[in-house]
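Sequence and predicted structure below; questions after.
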Amino acid sequence: MRSLILFALLAGLAAGAPAKKVEYVGTEACLVCHEDMGKAFLKTRHGSIEKQRGQSCERCHGPGQQHGEAAEAKFILNHAKASPREVDTSCLTCHKNQATHAGRLHGSHSAGQVGCTSCHSVHHAETTPKAANALCATCHRDVTAQFLRPHTHALTKGAVQCVDCHNPHGTLRNAGLRGTARTRNNEPGCLNCHADKRGPFAFEHAPMRLEGCGSCHESHGSANPRMLNRAEVKNLCLECHSNLPAPANKTGTLGSVATGFHDLRLPIYRNCTTCHTRIHGSHVNRDFLR
Amino acid sequence: MRRLLLLAVPLLAGGQTPEVSADVGYRFLPSTRGDWRTYRSVDNLAEGPRLLQFRSALLPKASRWLDALRLNGANWGDPMNSVHLTMDKAELYRFTFSYRNMAYFNALPSFANPLNTFNQRSFDTRQRIWNADLDLRPGKRLQPFFSVARQSGNGLGVSPIVVDENSYPAASGIDYGYMQYRGGVHFNAAERWHVTLEQGGGRFHDDTSLSLDARNLGNRMLPYLGRQLALDKATQAYAVTGENLYSSAEVTFSPWQWVDLTGQFFFSQPKSDVRFNESAQGTLIWLETLRFVNGQQSIISGYANQPRTSGAFNVEVRPFARLRVLESWQTERTHNPGSVASLTTLNRAADRLVWNQSEQQVQAFLDVTKFLTLQGGHRYVWGHALVRRGTLSTGTAQEAGLLRRHVGLAGFVLRPIAKLTINANAEVGRGDQTYFRTSLQNYEQLRVRARYRLSDAWQMSARYGRTNNSNPTPGVNLSFSAQQAGASVEWTRQAVSVTADYTRSTLWNDLRFVDPVTYGSLLSFYRDNAHTASLAADWRLPRNRAVLTLGGSLFRSAGSRPTRYYQPLVRVLVPIRKQVQFLGEWRQVSMGQSLYAFEAFGVQQVTVGFRMGR
């Protein structure tokens, strides 16, 4: 409620912003001085979309009349020198409604002042999947390091891209610290490839739905062959499935259920998923045994 | 078909010659030592001819149907390969197609029974993923779009059949597929209104099966009620079919230059129908009567349904040039009722998962000066879940989980000089209720990154990240901490370029749990202290423009699962003719884990070939 009042106040203060006068000169006028740049640009997807309109340069850089007459850089928007917010505003004029871009202003890149042109080279052709991964790695080297562990998704082999799981443009819905990106049909992003885990199951394993795959798996890379968050499976399971009754009653913590009378000294009970084979959810058995 | 292609290519190309380049070669494995199954589970590159990568582009100067066609692919002949195609014509259409074929081999031991050398959970499967997207009239006010995608997996594996008090490794056949389709329309009105309406659906099938033909004593080494349990013959078959229909709407609205409104709504309703059939013969125990039997038959039909509604609403206000305020709210409501009926025992069972979660966040960004941007905010997350209670737990059939968490957000972006950027953000969360014992409750997260461009040739970056999480609830006492620090250097000159990176990461987690037999308190502890480094050094020889690359990566960790994993690499690229280069690569992949010494391996890979094209 307090935030809504804050918005109302800010909205009142901001009313009445003056409109800017726009004077366009057309692409041909731009090419008189920027011929090389213009030729390269017209080969790109942006160039091909805009070249029939005759304002391909000014659609992004703004009206060029004053810039052309004075021949001074300060009269035109230069994305390389503009603030990330100015760059965002310029690009989102057209791209705001794309499903992949609608959350741009709410994404972590926007919050971290990473403008569109930090990753996208509008004047050049498209990148290949490997090049796209390398692009992410220029800033996210900590994540790249995790992919140098033995058990990872096949990112370094070029079969998987960072953008298969992450939407670098941000999402309208905050994915949260342990959340996963969502697919177009509103499912956890991991199910894009792991369709056999999608369910719905008659007997769901609640953490998969409530906290996502990351509650058990380290998706970027692990020393564990199943990319688990723990060295051994039993620790991962027993940390939640402990026989402690108190948390369930007092704080609403789930999973504090009895694990039966499994004797952890016996090998058969040390690897839970050897019997609980359908741990992601079962269609027929409430204990995930089949 | 061939004649059609011959006619189509010049029509599309508009007389333009396509640009094509390809890397072809042959990979040898001159030295392989250690455990081959682990190598296949980790790297899996084998000998043979390879189309390592190819790129082609067609940019016709005058074609009615095509502005650009780009076709890229990689790793054909290897276990993981891909191809991507894009075609577009301004204001008419844009078409993209991608295909990936990924082998998944994992045969690392599961240790359920150390005397059983036959692995218990193994996969030798292939995942095939393709999608085709067609956007019509891009850039126009009304833009219809269509998409078809398919993801499937099939292959062989090993998985246990669980029959009463024992589990028996059996051969499995894996076969599933999910076909998705969607269509919709984008409306763009005067760059102020954008609306996207979308309708989609999908069909799913999973026909995974297990079979066992020879007598197997299973993982239980001790007799049960004086007799050794055994399975002589067994089959288990699933026939799962599913469908999903979903609708979504997305609206963005900028009534004035200083305000943006966005909203999103989703509704989906995936469903599953299951037929399950299991038959087993051997020395088995019927637990309900504690009688030994020679055979069991189980036929089960099941159903699950998951209506899911979610929505989000966001406002961004820019009252002054230097201030930006974001308010966002989102909610998700999911119900998952399911039921199964056994046609052999006439038993019925039902389950229901209910999950409602919402989140509200306000965040402000202030450009204090041209060099400093501050951000701060607050997030509140709350939710409620109903989950079935454990088999042996007492009480009602379901237990309730609650989530209440307040999170403070802060950060800054500092550019004291044009060449230096420092970016920091922090979250401090405090919760009194959380879904799981390992969930985030009282946590702090800090992330700092700095980049400094010393000159056109030198660039350096450093980073530090730390996450602490604790749950002081009596009986839980979770303590988790992860820290990562690293630095990288890039040096680029005309003839030489070097990129080096080093990361030091530590992770520790302590959580007590109750031993299910003695009811004593045990500690689950996890430690991981790792060093990760990578290097790529390119040297361009001045005379013949050959390129020599040295580098690779190393990973060493100590703690709960000590691991070493090295991948040194040498690569040469030597021009032979104007459009032909020789390429050669030597790479070694070696891994070892001291607690699982028998899994160690070391494999050398040598690839020779040619890069052709322009």
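In hand now; what should we look at?

give the contact list for the residue of the stretch 201-350 of chain B found nearest chain A.
Nearest to chain A in the stretch 201-350 of chain B, going by Cβ to the nearest Cβ, is residue B:338, at a distance of 3.1 Å. From N, CA and C alone the C-beta is placed, and that goes for glycine too. Residue B:338 is in contact with A:200-204, B:272, B:302-305, B:350-352, counting by Cβ atoms under 8 Å, 6 or more residues apart in numbering or on different chains.

same thing but at 6 Å, please
Going by Cβ atoms under 6 Å, 6 or more residues apart in numbering or on different chains, residue B:338 touches A:202, B:304, B:351.

Check residue B:452 too.
So, once contact is read as Cβ under 6 Å, 6+ apart, residue B:452 ends up touching B:420, B:460.

chain center to stretch B:549-556, what's the gap?
24 Å (Cα atoms, centre = their mean, to the nearest Å).

Stretch B:127-138 too?
Computed by Cα atoms, centre = their mean, the separation of stretch B:127-138 from the middle of its chain amounts to 20 Å.

So which residues on the stretch 351-500 of chain B come close to chain A?
If contacts are counted using Cβ under 6 Å from any Cβ of the partner chain, the residues of the stretch 351-500 of chain B sitting beside chain A are B:351, B:353, B:355, B:362, B:373, B:385, B:387, B:390, B:392-393, B:399-402, B:413, B:423, B:433, B:435-438, B:463, B:473, B:475-476, B:484, B:486, B:488.

what's the burial count for the nearest residue to residue A:255 once chain neighbours are set aside?
Once its chain neighbours are removed from consideration, residue A:255 has its nearest residue in residue A:240; the separation is 3.9 Å (Cβ to Cβ, 6 or more residues apart in numbering or on different chains). Here the number of neighbours of residue A:240 (other Cβ atoms under 10 Å in any protein chain shown) works out to 23.

right, and residue A:240 touches residue B:436 too?
Yes. Assessed by Cβ atoms under 6 Å, residue A:240 is found in contact with residue B:436 at 5.4 Å.

doesn't residue A:164 fall inside a helix?
Yes. Secondary structure assignment places residue A:164 in a helix (DSSP: H, G, I helix; E, B strand; the rest coil).

Run a quick neighbour tally on it.
The criterion is other Cβ under 10 Å. On that basis, residue A:164 has 17 neighbouring residues.

which phi and psi does the closest residue to it other than its chain neighbours have?
Counting by Cβ to Cβ, 6+ apart, the nearest residue to residue A:164 once its immediate chain neighbours are dropped is residue A:192, at 6.8 Å. Taking degrees, to the nearest 10, you get phi -60, psi -40 for the backbone angles of residue A:192.

tell me, how many neighbours does residue A:192 end up with?
22.

Can you pull the poorly scored residue ranges out of chain A?
By pLDDT under 70, the weakly predicted segments of chain A are A:1-22, A:43, A:45, A:48-55, A:97-100, A:102, A:125-130, A:172-186, A:243-251, A:256-261.

how does it divide up, domain by domain?
With automatic domain parsing serving as the domain definition, the record reports that chain A contains domains spanning A:84-170, A:190-282.

would TSV of those domains with distance to residue B:89 be doable?
TSV is the format used below for the domains of chain A (distance: least, Cβ to Cβ, whole Å):
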stretch	distance to residue B:89
domain A:84-170	16
domain A:190-282	29
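
Compare those domains and give me the one nearest residue B:70.
Counting by Cβ to Cβ, residue B:70 lies closest to domain A:84-170 out of these; the figure is 6.5 Å.

As PDB, could you dump the C-alpha coordinates of stretch B:404-415?
Only the C-alpha atoms of stretch B:404-415 are listed here, as PDB (Å, rounded to 0.1, in the frame of the first residue of the first chain):
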ATOM      1  CA  ARG B 404       7.000 -15.700   4.800                       C
ATOM      2  CA  ARG B 405      10.200 -13.800   3.800                       C
ATOM      3  CA  HIS B 406      11.200 -10.200   3.800                       C
ATOM      4  CA  VAL B 407      14.200  -9.300   1.700                       C
ATOM      5  CA  GLY B 408      16.100  -6.000   1.600                       C
ATOM      6  CA  LEU B 409      17.800  -5.100  -1.600                       C
ATOM      7  CA  ALA B 410      20.700  -2.700  -2.100                       C
ATOM      8  CA  GLY B 411      23.400  -2.100  -4.600                       C
ATOM      9  CA  PHE B 412      25.400   0.400  -6.600                       C
ATOM     10  CA  VAL B 413      27.100   0.900 -10.000                       C
ATOM     11  CA  LEU B 414      30.200   3.000  -9.800                       C
ATOM     12  CA  ARG B 415      32.200   4.400 -12.700                       C
END
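
Give me the distance from that stretch to the chain's centre.
On Cα atoms, centre = their mean, the centre of stretch B:404-415 falls 27 Å from that of its chain.

what's next to that stretch, contact-wise?
The list of residues contacting stretch B:404-415 from outside it, by Cβ under 6 Å, 6+ apart, reads A:113, B:371-377, B:379-382, B:421-433.

one more time with 7 Å
For stretch B:404-415, contacts defined as Cβ atoms under 7 Å, 6 or more residues apart in numbering or on different chains pick out A:112-113, B:363, B:371-382, B:421-433.

That one: which residues count as buried?
When neighbours are counted by 16 or more other Cβ atoms under 10 Å in any protein chain shown, the buried residues of stretch B:404-415 are found to be B:404-405, B:407, B:409, B:411-415.

same question for that stretch, mean pLDDT?
Stretch B:404-415 shows an average pLDDT of 93 in the prediction.

Quickly list what's touching both of residue A:240 and residue B:436.
Common neighbours of residue A:240 and residue B:436 (Cβ under 7 Å, 6+ apart) are residue A:255.

Dump stretch B:71-79 to PDB, restricted to CA.
What follows is the C-alpha trace of stretch B:71-79 in PDB, where atoms were taken according to Å, rounded to 0.1, in the frame of the first residue of the first chain:
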ATOM      1  CA  LEU B  71      22.700 -21.900 -41.700                       C
ATOM      2  CA  ASN B  72      25.000 -22.900 -39.000                       C
ATOM      3  CA  GLY B  73      25.900 -26.200 -37.500                       C
ATOM      4  CA  ALA B  74      28.400 -27.900 -35.300                       C
ATOM      5  CA  ASN B  75      29.800 -31.200 -34.200                       C
ATOM      6  CA  TRP B  76      28.200 -33.500 -36.700                       C
ATOM      7  CA  GLY B  77      29.500 -37.000 -36.100                       C
ATOM      8  CA  ASP B  78      30.000 -36.300 -32.400                       C
ATOM      9  CA  PRO B  79      27.500 -37.300 -29.700                       C
END
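
What is the burial count for residue B:585?
Counted by other Cβ under 10 Å, the residues lying close to residue B:585 total 18.

Please name the bridge partners of the residue in the stretch 51-200 of chain B that chain A sits nearest to.
Relative to chain A, the nearest point of the stretch 51-200 of chain B is residue B:194 (2.9 Å; Cβ to the nearest Cβ). Taking DSSP bridges, one obtains residue B:188, residue B:252 as the residues bridged to residue B:194.

so who does it touch?
Contacts for residue B:194 (Cβ under 7 Å, 6+ apart) come out as A:96-97, B:186-188, B:252.

And for residue B:103?
Going by Cβ under 7 Å, 6+ apart, the list of residues near residue B:103 reads B:44, B:79-80, B:126.

related to what we said a few turns ago, what are the phi and psi angles of the residue nearest to residue A:255?
When read as degrees, to the nearest 10, the backbone of residue A:240 gives phi -90, psi -40.

Can you name the residues that contact it?
A:255, B:436-438.

can we see that at 6 Å?
Residue A:240 makes contacts with A:255, B:436-437, as judged by Cβ under 6 Å, 6+ apart.

just those residues now: which is nearest residue B:283?
Relative to residue B:283, the closest of the contacts of residue A:240 is residue A:255; by Cβ to Cβ it sits at 35.2 Å.

What about the closest one, how many residues nearby?
Neighbour number of residue A:255 under other Cβ under 10 Å is 23.

can you check residue B:160 too?
Neighbour count of residue B:160, defined by other Cβ under 10 Å: 27.
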